[in-house]
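Undergrad: here is the input, now give the coordinates:
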Amino acid sequence: MKERIGLAGLVVGTFLLRVLPSWDKMFIDGNVWYRGVDPWYHMRLVDNIMENFPIPLKWDMFALYPNGMAVGYFPLISLIIALPGQVFNYEVIGALLPPILGALTLIPIYLICKTLWKSWIGLIACGLVMILPTEFFHRSMLGFTDHHILEVFFSVNTILFLILMHKEGKLRWAILAGVSLGLYMSSWSGGLLLVAPIWIWFFIIFIYKLKNNQPIDVFVGNMCITFSTALILYLPNCLFIKGIEFQVLTMGIVMVSFWILHKLAKVLGWRKLIGLVGLAVGVICFFIPGLTSVTRSVLFNFDITIQEALLSGPKVLLAQYGTSFFLSIGGLAFAIKRKENLLLIVWCTFMLILAINQRRWNYYFAINNAIMAAYFIYVMGSWIKENARIPATVVICSFLLFTILPSTIAISNLPNTITKDWYAACVWLEKNTPEMDGYYELNSDKLDYGVLSWWDYGNWITRISKRAPVSNPMVHQDIQWEVLTAKSEEEANTYLEGINYIVVDRDMVSSKFPAILNLSPRKVDYIPFVFTLWNEETDTWIKIHQEGEVKIYGRK
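TA: Model (predicted):
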């Protein structure tokens, strides 16, 4: 009973820590200002599904000038918001969804630790997830309405159900694991990410059971049920998202592989089976270009112009995890040494590799870090006399809290990404420029004109201004750097056909300018057009409005 009360307190505390400090930054003058840039586009999709319920938008004319673009986001998050949105204010629901799911993620974390070890280890892990200033904390904050929080929530539940399935061998856990895995894959386009560690775990367990003449029929059958259930839930996404046939095929191959390995094991034996699978994996990795490129982009930091794809160096890891990172590495080492649950070890190791190679994956590893750090505290407790274990644990946890508390306070009070200047400029653009029809329509004709700015701001222009940007965070069209780094106004105008408005801010000629240069193949040893715009030294363009550090230009 005490453990449940403690867990409830941590769940509520996690929610409040992500909501209260951000409340006045998200709810302003009766409007909801979402955090970041992608959440604005997710809410754009919710706008549409509310108007055409329950049909999600497939092609969005307002996402990209001149012809629009296919919607690449899966509709699950839109449906989760739109269903209660039929009764309540869906914009508020959208803002509250991340902290709600972030808080609820503590429940499967607690159950994993309780199932494998002790309930108090789960409470420590949940406490670490609650307070550590990680990417998970950031992406579960009020207003960060993105699919990342769905990924973490469903992935942790999938691991929990698979652990229970393997431990108890019961059908219900296999089905629940399949449901959770199917919802995870339906959350985003990279859903195969979780399939990799699960398959690695399956193959190791399969070979171990085969080598030791242990029964494998129930284990293989349950895995087939899990992946069949997941595939059934995932298939409807084909109706709305183009290009996911590869994921469907891969899921089908993985599902069939369980049955094939079962049959081959009776013929080849475990040694030959390892060699055959090793050969097959090598062929897949080196001779299937699509899979190879996906693996490279997920595991390694090849796209170094995007900050979240950079390596997680010591400074990044210490900033997010503090000393708990060293505890988690110790916990993982002892888990391997003591032969703890193999799925947990494979999952945590896999996520650690991902998090080190790309910063973005730390929103996954935050969970693994907390579980392994809590486990290591448990291990250290076994080195201490029994009557001193509770005080020692309190001291360790207090030290962790003390070293990371300033960063936790800082992240909980992060300012919103969109500024008052930008919000006001986007509202002005909507009210004072020619209206575009078809904002809520499933199909529209080619748009009359576009709005050029840096790609970061595309989603704000789409949802707040209800206008079509030239580039957005999902698609970087060459025209943005061609115009912004043009040698002269005359050269810039050769690219600006159909562009009636240009929006620039101070960051585009200061902090964001190096990023603009990174996209441009030119050697810029002259004054680029973006500076000409900012300095209001143009002949064919005129500043028609300014909101603080944001300027809007129209044609003369």
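
Undergrad: residue 451 is in what secondary structure piece?
TA: strand 450-452 (DSSP states H and E).

Undergrad: residues of stretch 259-279 that come out buried?
TA: For stretch 259-279, burial by neighbour count (16 or more other Cβ atoms under 10 Å) applies to 261, 262, 265, 273, 277. For every residue, glycine as well, the C-beta is placed using N, CA and C.

Undergrad: from these, which is closest to residue 221?
TA: Set against residue 221, the nearest of these by Cβ to Cβ is residue 262 (8.9 Å).

Undergrad: and the helix or strand hosting residue 107, what does it pack against?
TA: In this assignment (DSSP H and E), residue 107 forms part of helix 106-116. If you count contacts as 3 or more Cβ pairs under 8 Å, 6 or more residues apart in numbering; DSSP states H and E, helix 106-116 packs onto helix 2-19, helix 119-131, helix 148-168, helix 362-381.

Undergrad: okay, those helices in a markdown table with distance to residue 429 and mean pLDDT next?
TA: Listed next are the helices and strands packed on helix 106-116 as a markdown table, based on distance: least, Cβ to Cβ, whole Å; pLDDT from 0 to 100:
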| stretch | distance to residue 429 | mean pLDDT |
| --- | --- | --- |
| helix 2-19 | 31 | 96 |
| helix 119-131 | 40 | 95 |
| helix 148-168 | 29 | 97 |
| helix 362-381 | 33 | 94 |
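
Undergrad: TSV please, covering the ones you listed and showing mean neighbour count and distance to residue 246.
TA: Output for the helices and strands packed on helix 106-116, formatted as TSV (neighbours: other Cβ atoms under 10 Å; distance: least, Cβ to Cβ, whole Å):
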stretch	mean neighbour count	distance to residue 246
helix 2-19	17	35
helix 119-131	24	33
helix 148-168	23	19
helix 362-381	25	22
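
Undergrad: now these as TSV including distance to residue 497?
TA: Formatted as TSV, those follow (distance: least, Cβ to Cβ, whole Å):
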stretch	distance to residue 497
helix 2-19	46
helix 119-131	51
helix 148-168	38
helix 362-381	41
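
Undergrad: residues in contact with stretch 499-508?
TA: 65, 421-422, 425, 429, 433-434, 449-454, 457, 461, 467, 470, 479, 483-484, 496, 516, 530, 533-534, 541, 549-555 (Cβ atoms under 8 Å, 6 or more residues apart in numbering).

Undergrad: which ones among these lie within strands?
TA: 450, 451, 452, 541, 550, 551, 552, 553, 554, 555 (DSSP state E).

Undergrad: does the last one touch residue 540 like I think?
TA: Just to be clear, that refers to residue 555. Yes: using Cβ atoms under 8 Å, residue 555 makes contact with residue 540 at a distance of 6.7 Å.

Undergrad: the ones in strands among the contacts of stretch 499-508, buried ones only, as a PyMOL selection?
TA: Entered in PyMOL, the line below selects the buried ones among the ones in strands among the contacts of stretch 499-508, by 16+ other Cβ under 10 Å:
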select buried, resi 450+451+452+541+550+551+552+553
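
Undergrad: nearest residue to residue 262 in space, please, no chain neighbours.
TA: Using Cβ to Cβ, 6 or more residues apart in numbering and skipping residues adjacent in sequence, the residue nearest residue 262 is residue 220, 4.7 Å away.

Undergrad: go on, residue 86?
TA: Nearest to residue 86 is residue 53, by Cβ to Cβ, 6+ apart, at 7.0 Å.

Undergrad: ditto for residue 404
TA: Leaving aside its sequence neighbours, residue 404 sits nearest to residue 322 (Cβ to Cβ, 6+ apart; 4.1 Å).

Undergrad: repeat for residue 199
TA: residue 254 (5.9 Å).

Undergrad: residues contacting residue 75?
TA: 45, 49, 56, 237, 240, 241.

Undergrad: same thing with residue 485?
TA: Taking Cβ under 8 Å, 6+ apart as the test, what residue 485 contacts is 516, 517, 520, 522, 524, 528, 529, 530.

Undergrad: ok, back up a step: wait, is the residue nearest to residue 199 part of a helix?
TA: Yes: using DSSP: H, G, I helix; E, B strand; the rest coil, the assignment for residue 254 is a helix.

Undergrad: now do it against residue 230, distance only.
TA: As defined by Cβ to Cβ, to the nearest Å, residue 254 lies at a distance of 9 Å from residue 230.

Undergrad: neighbour count: these two, which is higher?
TA: Using other Cβ atoms under 10 Å as the criterion, residue 254 and residue 230 rank with residue 230 on top: 27 against 19.

Undergrad: before we move on, which element is the residue nearest to residue 262 in?
TA: helix 217-234.

Undergrad: that helix: how far from the chain's middle?
TA: 25 Å (Cα atoms, centre = their mean, to the nearest Å).

Undergrad: what residues are up against residue 50?
TA: Applying Cβ under 8 Å, 6+ apart, the residues contacting residue 50 are 82, 85, 90.

Undergrad: next one: it from residue 89, what distance?
TA: For residue 50, the distance to residue 89 - Cβ to Cβ - is 11 Å.

Undergrad: what of residue 121?
TA: The gap separating residue 121 from residue 89 is 39 Å, by Cβ to Cβ.

Undergrad: next secondary structure after the helix or strand bottoming out on mean pLDDT in the chain?
TA: Taking mean pLDDT, DSSP states H and E as the measure, helix 289-299 is the helix or strand of the chain with the lowest mean score, a mean of 59. The helix or strand immediately downstream of helix 289-299 is helix 314-321, counting by DSSP H and E.

Undergrad: hmm, who's touching that next one?
TA: 132-135, 325, 328, 356, 359, 362, 366, 369, 404, 407.

Undergrad: from the contacts of residue 485, which would you call buried?
TA: Counted by 16+ other Cβ under 10 Å, these give 516, 517, 520, 528, 529, 530 as buried.

Undergrad: and the least confident of those residues?
TA: In terms of pLDDT, the lowest of the buried ones among the contacts of residue 485 is residue 520, showing 82.

Undergrad: check contacts around it.
TA: 481, 482, 484, 485.

Undergrad: which of these ranks first by neighbour count?
TA: Going by other Cβ under 10 Å, residue 484 tops the contacts of residue 520 with 27 neighbours.

Undergrad: which of the contacts of residue 50 has the most neighbours?
TA: Neighbour counts for the contacts of residue 50, by other Cβ under 10 Å, peak at residue 82, which reaches 24 neighbours.

Undergrad: in which helix or strand does that one reside?
TA: helix 76-85.

Undergrad: give the buried residues for that helix.
TA: 76, 77, 78, 79, 80, 81, 82, 85.

Undergrad: would you turn these into a markdown table with pLDDT and distance to residue 14?
TA: Shown next, in a markdown table, are the buried residues of helix 76-85 (pLDDT from 0 to 100; distance: Cβ to Cβ, whole Å):
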| residue | pLDDT | distance to residue 14 |
| --- | --- | --- |
| 76 | 97 | 22 |
| 77 | 97 | 20 |
| 78 | 97 | 25 |
| 79 | 97 | 24 |
| 80 | 98 | 19 |
| 81 | 98 | 20 |
| 82 | 97 | 25 |
| 85 | 96 | 24 |
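
Undergrad: ok, so of those, who is nearest residue 61?
TA: Distances from residue 61 to those, taken by Cβ to Cβ, are shortest for residue 78, at 17.5 Å.

Undergrad: so what's the closest one up against?
TA: Residue 78 neighbours (Cβ under 8 Å, 6+ apart): 42, 45, 46, 49, 56.

Undergrad: any regions of the stretch 401-550 of the chain where pLDDT drops low?
TA: 437-446 (pLDDT under 70).

Undergrad: at 80 instead, please
TA: The model of the stretch 401-550 of the chain has pLDDT under 80 over residues 401-402, 436-447.

Undergrad: no further queries at this time; thank you.
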